[in-house]
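Colleague: please work out how this folds:
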Amino acid sequence: MQKPAGQYLSKREQQIMEILYQRERATANELMVLLPGSPSNSTVRTLLRILEEKKQVKKTEEDGKYIYFAAYPRDKAAKSALSGVVDTFFRGSVTDVVATLLDDKKNRLSGDELDQLQAMIDKAKEEGR
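Modeller: Predicted structure coming up:
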């Protein structure tokens with residue numbers, strides 16, 4: 001199976017993907033109704049075409065209508081997107097990513113979250129990663 005493209009999505013593309021992950025599948029008309037801000041039919045269809053080009057969305061035809069669905073499970077797409085961010089903004093350094101997250105004053109980690117991270121680090125060390 002091909003790896004999801006690690007391309008960035010616009011806000012509107014992210015909204016479409018979120019709907020597709022929640023509903024599993026939708027037509028362009030359904031997306032047009034569900035998206036905030038009442039985008040036009042042509043806008044939604046253009047975004048779906050772009051998402052197809054980015055290999056994020058696939059479609060099938062049923063009863064003369066195209067039904068769109070996410071090309072990859074959410075977790076696989078998330079890993080691919082995160083990998084792209086790590087490579088692009090942190091020169092491939094996971095340590096720099098974690099340091100940035102730990103230093104983020106807006107989204108402070110709770111003591112429980114820090115304990116969970118420590119447990120994951122300890123487990124990774126035991127497994128020799």
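
Colleague: so Glu53 versus Ser38, what's the distance?
Modeller: Per Cβ to Cβ, to the nearest Å, Glu53 is found 24 Å from Ser38. The C-beta positions use only the backbone N, C-alpha and C, and glycine is treated the same way.

Colleague: who has more neighbours, those two?
Modeller: Glu53 (11 against 8; other Cβ atoms under 10 Å).

Colleague: what's the particular helix or strand that has Val86 in it packed up against?
Modeller: Secondary structure from DSSP states H and E places Val86 in helix 74-90. Packing partners of helix 74-90 (3 or more Cβ pairs under 8 Å, 6 or more residues apart in numbering; DSSP states H and E): helix 94-103.

Colleague: Met17 against Leu51, yeah?
Modeller: Yes - between Met17 and Leu51 there is a contact under Cβ atoms under 8 Å: 7.3 Å.

Colleague: between these two, which contacts overlap?
Modeller: Listed as contacting both Met17 and Leu51 by Cβ atoms under 8 Å, 6 or more residues apart in numbering are Leu9, Val57.

Colleague: could I get the pLDDT score of the spatially most central residue of the chain?
Modeller: Closest residue to the average C-alpha location of the chain: Ala78 at 4.4 Å, with Cα atoms, centre = their mean. Reported pLDDT at Ala78 in the predicted model: 85.
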